[in-house]
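Undergrad: the sequence and its predicted three-dimensional model are supplied below.
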Amino acid sequence: MLMLGLRPGEVLGLTWSDLDLKCRRLQVSRSLKRERGELRLGEPKTKRSRRALVLPAPVVKSLRAHRRRQVQERIAAGPEWRDLDLVFASTVGTLIDPSNRRNLSTVTMCAGLGHWHPHELRHSAASLLSACGVRLEEIADVLGHSSTRMTGDVYRHAVVPAVAAGARPMEQLFDTD
């Protein structure tokens with residue numbers, strides 16, 4: 001979620017057939033939603049949410065390791081396993097409730113990062129991309145936003161490198177040495 005800026009429902013709706021690990025591509029084609037009290041896979045939030053993304057190499061490596069672990073879970077679950085082809089599934093292969101944020105918090109706490117909320121990862125993705133000089137239009141494309149307004153006004157937050165970027169030009173303009 002941090003490296004791709006995916007929405008929680010997009011992550012939980014991913015299937016292995018949406019991924020091409022060899023070509024490092026991910027296709028966002030569905031999202032997990034709660035409708036009338038039930039979880040179901042449906043259309044992504046907007047038309048622009050349906051998108052293809054290039055997977056960073058560390059994500060590919062992690063997904064390959066995750067797939068190996070999931071095969072072991074499938075074997076352990078035996079006939080209880082429900083094969084929905086989900087990348088992120090319960091221990092018996094079923095949908096994970098996106099409102100259950102304890103799973104993510106447990107992972108981030110164990111990694112020494114403190115408590116993280118799923119949406120913080122999406123915001124952080126936008127902020128980090130911006131701090132690295134990625135254009136706002138491209139960040140909006142990665143996040144699946146229909147315009148840059150939401151990306152710029154809500155998702156992108158200043159980080160130290162972006163805030164410090166103005167110091168050097170001012171020093172050059174007002175150099176008194």
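TA: Received the coordinates, thanks. Numbering: from 1, shown residues only.
Undergrad: residue ranges with poor pLDDT in this protein?
TA: The chain contains residues with pLDDT under 70 at 101, 159-165, 176-177.
Undergrad: which residues in this structure form strands?
TA: Assigned by DSSP state E, the strands in the chain fall at 19-20, 25-28, 31-35, 38-42, 51-54.
Undergrad: care to break this structure down by domain?
TA: Recorded structural domains for the chain (assignment: automatic domain parsing) are 1-99, 101-177.
Undergrad: hmm, who's touching stretch 134-149?
TA: Stretch 134-149 is contacted by residues 4-5, 7, 10, 28, 44-51, 53, 122, 125-126, 129-130, 150-152, 155-156 when judged by CB atoms under 8 Å, 6 or more residues apart in numbering. Heads up, the C-betas are built off the backbone N, CA and C, glycines and all.
Undergrad: I misspoke; the intended subject was stretch 15-27.
TA: Stretch 15-27 is contacted from outside by 4, 14, 28-30, 51-57, 60, 63-64, 67, 84-87, using CB under 8 Å, 6+ apart.
Undergrad: picking that back up, mean neighbour count added to the domains of the chain, as CSV?
TA: Listed next are those as CSV, based on neighbours: other CB atoms under 10 Å:
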stretch, mean neighbour count
domain 1-99, 15
domain 101-177, 14
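Undergrad: from the contacts of stretch 15-27, which land in helices?
TA: Secondary structure from DSSP state H places 57, 60, 63-64, 67 of the contacts of stretch 15-27 in helices.
Undergrad: hmm, which two among those are most spread apart?
TA: For the ones in helices among the contacts of stretch 15-27, the maximum inter-member distance is 15.8 Å, found between 57 and 67 (CB to CB).
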